[in-house]
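**Q** A predicted structure for the sequence below; I have some questions about it.
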Amino acid sequence: LDADNYETDPCLKEIRRAENYSWMDIVTIHKDKLPNYEEKIKTFYEEHLHLDDEIRYILEGSGYFDVRDKDDKWIRISMEKGDMITLPAGIYHRFTLDENNYVKAMRLFVGEPVWTAYNRPADDFPARKQYMKFLAEEGH
């Protein structure tokens, strides 16, 4: 994706239309830009899940999403400018900055945003059960 021209990028526009990402905002994670920075960084790094998909598009900077595989082992996903990721509802994950300590990201949602994170263990939620069923299917 063209992060320098995200406001007019036709590819982003098509993704938003196709996936029904009707709501978006932009967050900057940096000690000088994010209120309660230290507290937020710790919260982002706490292993958790959401009941909705988490969609992030990196506009500037870089960082890491850590996710669990089906054997419950960590996989680190490096994210940098121009990258977009969709973390499915029910997947355990966490986020951390890299050594640059800066990222500007677009947050996308279907409908109104829901920010609630459920720290592990949160295995009884239907979203978690559905995600685990998906992993158990052949080929995942």
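**A** All right, it came through fine.
**Q** Against Thr8, how distant is the nearest residue to Glu60 once chain neighbours are set aside?
**A** Among residues not flanking Glu60 along the chain, Lys104 sits closest, at 4.0 Å (C-beta to C-beta, 6 or more residues apart in numbering). For every residue, glycine as well, the C-beta is placed using N, CA and C. Distance of Lys104 to Thr8, computed by C-beta to C-beta, to the nearest Å: 17 Å.
**Q** Give me the below-cutoff pLDDT ranges for this structure.
**A** 140 (pLDDT under 70).
**Q** So which residues of this structure form helices?
**A** 10-19, 37-45, 126-136 (DSSP state H).
**Q** Switch those helices over to a markdown table; also include mean neighbour count.
**A** Shown next, in a markdown table, are those (neighbours: other C-beta atoms under 10 Å):
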| stretch | mean neighbour count |
| --- | --- |
| helix 10-19 | 13 |
| helix 37-45 | 13 |
| helix 126-136 | 14 |
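**Q** I'd like the ones you listed laid out as CSV, including distance to Leu97.
**A** Below are those laid out as CSV (distance: least, C-beta to C-beta, whole Å):
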stretch, distance to Leu97
helix 10-19, 23
helix 37-45, 7
helix 126-136, 26
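**Q** Of these, which is nearest Lys70?
**A** helix 126-136 (4.5 Å; C-beta to C-beta).
**Q** Report the distance from that closest one to the chain centre.
**A** On the basis of C-alpha atoms, centre = their mean, to the nearest Å, helix 126-136 sits 18 Å off its chain's mean C-alpha point.
**Q** Pull the residues that contact that helix.
**A** 49-52, 70, 88-91, 122-123, 140 (C-beta atoms under 8 Å, 6 or more residues apart in numbering).
**Q** Kindly recompute the last result at 7 Å.
**A** 49, 51, 70, 88-91, 122, 140 (C-beta atoms under 7 Å, 6 or more residues apart in numbering).
**Q** returning to what we had before: just to check, the residue nearest to Glu60 is in contact with Asp25?
**A** No - Lys104 lies out of contact with Asp25 (C-beta atoms under 7 Å); the separation is 11.4 Å.
**Q** Could you check which of the two has the larger neighbour count?
**A** Remark: of Lys104 and Asp25, Lys104 carries more neighbours, 17 against 10, as counted by other C-beta atoms under 10 Å.
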